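K.L.:
Sequence and computational prediction follow.
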Amino acid sequence: MGTIYYGGSATPIHIEDRALAHLKVVIATKLRRSESFTVSWQHPEGEPRGRSTIWLHPSIPIRFVFDDPEPAELSREWIEDLAQSANSSGGISLVAEHIEPAPDDAADDAPQTVTVN
């Protein structure tokens, strides 16, 4: 489980490492361009029910911490989905990654989805 520390908030934001790696790419790209935007997510199980949104601005410090010492392999499609939502009026909404089955799994026709909490 990765963590975002944003601004002076004492409340860390916990996001699964793989999702955070993809989110980090999109956030860094937007902030490098001096663009402000929002990021929204649903609260994970074990936390009060609901959702949260933060406003990201280039002047506010942000830190990404990953539990896994090895970087995740990134999905171009997932990054593009997140970037597209970042450019919308609603900002980034964490969406699940769509994983294509490997060629060896040809018998399994069901698409696989990783849930982002």
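P.N.:
Arrived safely. Nothing here was measured: the structure is a model prediction, and the numbers come from that model.
K.L.:
and the residue sitting nearest the centre point of the chain, what does it touch?
P.N.:
Within the chain, one residue has its C-alpha closest to the average C-alpha position: by Cα atoms, centre = their mean, that is Leu23, at 3.5 Å. Each residue near Leu23 by Cβ atoms under 8 Å, 6 or more residues apart in numbering is listed here: 15, 39, 82, 92, 94. Every residue, glycine included, has its C-beta placed from N, CA and C.
K.L.:
Which residue in those has the weakest pLDDT?
P.N.:
pLDDT across those is lowest for Leu94, at 81.
K.L.:
That one - how many residues pack around it?
P.N.:
Neighbour count of Leu94, defined by other Cβ atoms under 10 Å: 19.
K.L.:
And Pro61, by the same measure?
P.N.:
Using other Cβ under 10 Å, Pro61 is surrounded by 8 other residues.
K.L.:
where's it relative to Pro44, distance?
P.N.:
Counting by Cβ to Cβ, to the nearest Å, the separation of Pro61 from Pro44 is 24 Å.
K.L.:
Also Arg32?
P.N.:
Distance from Arg32 to Pro44, counting by Cβ to Cβ: 29 Å.
K.L.:
Please apply the same query to Val65.
P.N.:
According to Cβ to Cβ, Val65 stands 17 Å off from Pro44.
K.L.:
picking up where we left off before, neighbour count for Arg32 and Pro44, which is higher?
P.N.:
Pro44 (13 against 9).
K.L.:
Was I right to think the more buried one contacts Ala19?
P.N.:
No: between Pro44 and Ala19 there is no contact under Cβ atoms under 8 Å: 11.2 Å.
K.L.:
Contacts only, for Leu82.
P.N.:
Going by Cβ under 8 Å, 6+ apart, Leu82 touches 22-23, 26, 92, 94-95.
K.L.:
export those to CSV and tack on distance to Tyr6 and secondary structure?
P.N.:
Shown next, in CSV, are the contacts of Leu82 (distance: Cβ to Cβ, whole Å; DSSP: H, G, I helix; E, B strand; the rest coil):
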residue, distance to Tyr6, secondary structure
His22, 17, helix
Leu23, 12, helix
Val26, 15, helix
Ile92, 13, strand
Leu94, 15, coil
Val95, 20, coil
